[in-house]
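Novice: with the sequence up front, the predicted model follows.
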Amino acid sequence: MANLKFLGISGSLRRQSCNSGLLRSARAQLPPEVTMEFADLSDIPFYNQDIAGRPAPVARVLAQIGAADALVLACAEYNYSMAPALKNILDWASREPDNALLAGKPAALMGAGGGMGTSRAQYHLRQVCVFLDLHPLNRPEVFANAFAGAFDADGNLVDEKIAGLVAAQMKALAAWTRQLRAG
Ligand SMILES: Cc1cc2nc3c(=O)[nH]c(=O)nc-3n(C[C@H](O)[C@H](O)[C@H](O)COP(=O)(O)O)c2cc1C
């Protein structure tokens, strides 16, 4: 089996982010022959068509996206939709000629937020995936409550049931990625 590279992208920039904690849990539980790195969005400027070319931080993350076999999108929910940092990097990535960075790429969505577990934001993100031609995994979905003791003060996931769901999603994403490759 070929090795697979996943790229984790957290929509939350804060240090103690629970969404980033979900990604750390995912990386700690990857199936064999899968590796994962994280994108740092903290220095990514807002997309602006007046900016010529790609600023260095943008180029760095776009190179990570290009090198990834699949994306793991941790979708923080702000005001019933995805946090702007996540949408912003997808907007930058979408400007590549022929949508070459994103078209056909598998993705898994997860999120930690209020009582609905970012489900509203994740379903917005699924809509965005349609136009970007990303291929989001359908199941299992990961909707985590960030306010019910599932995360410690540093944003680490401590809830075994959610961790099990994250592990199952990573396993399913590896299978989905291989299935899409096989055509
Ligand atoms: C501007 C803002 C808007 C928010 N709106 C929502 C919301 O609509 N739904 C929700 O579940 N949580 C909402 N929250 C709470 C976040 O989900 C919560 O702060 C979560 O911990 C953010 O993710 P993080 O821990 O990865 O930073 C909002 C938080 C902020 C700062």
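Specialist: Ah, there it is.

Novice: in this protein, which spans are helices?
Specialist: 18-28, 56-67, 84-94, 119-132, 160-182 (DSSP state H).

Novice: show me the one of these that comes nearest the ligand.
Specialist: Nearest to the ligand, of all those, is helix 18-28, at 3.3 Å by CB to the nearest ligand atom. C-beta: built from backbone N, CA, C; applies to glycine.

Novice: the closest one vs the ligand: in contact?
Specialist: Yes - interface with the ligand: helix 18-28 contributes 18, 19 (CB under 6 Å from any ligand atom).

Novice: now do that helix against helix 160-182, angle only.
Specialist: Here helix 18-28 runs at an angle of 70 degrees relative to helix 160-182 (axes from the mean of the first three to the mean of the last three CA atoms, to 10 degrees).

Novice: highest mean neighbour count across the helices of the chain, which stretch is it?
Specialist: Each of those was scored by mean neighbour count; the highest is helix 18-28, a mean of 24, by mean count of other CB atoms under 10 Å.

Novice: hang on, the earlier thing: mean pLDDT added to the helices of the chain, as a markdown table?
Specialist: Formatted as a markdown table, the helices of the chain follow (pLDDT from 0 to 100):
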| stretch | mean pLDDT |
| --- | --- |
| helix 18-28 | 98 |
| helix 56-67 | 98 |
| helix 84-94 | 98 |
| helix 119-132 | 98 |
| helix 160-182 | 97 |
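
Novice: for residue 35, list each beta-bridge partner.
Specialist: Applying DSSP bridges to residue 35 gives these bridge partners: residue 5.

Novice: that one: neighbour count?
Specialist: Neighbourhood size, residue 35 [other CB atoms under 10 Å]: 11.

Novice: ok, now how distant is it from the ligand?
Specialist: For residue 35, the distance to the ligand equals 23 Å [CB to the nearest ligand atom, to the nearest Å].

Novice: so who does the residue sitting nearest the centre point of the chain touch?
Specialist: The C-alpha lying nearest the average C-alpha coordinate of the chain belongs to residue 73 (CA atoms, centre = their mean; 1.2 Å). Contacts for residue 73 (CB atoms under 8 Å, 6 or more residues apart in numbering) come out as 9, 11, 86, 107, 108, 109, 110, 125.

Novice: re earlier: now the helices of the chain as JSON lines including distance to residue 46?
Specialist: Listed next are those as JSON lines, based on distance: least, CB to CB, whole Å:
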{"stretch": "helix 18-28", "distance to residue 46": "20"}
{"stretch": "helix 56-67", "distance to residue 46": "11"}
{"stretch": "helix 84-94", "distance to residue 46": "6"}
{"stretch": "helix 119-132", "distance to residue 46": "17"}
{"stretch": "helix 160-182", "distance to residue 46": "29"}
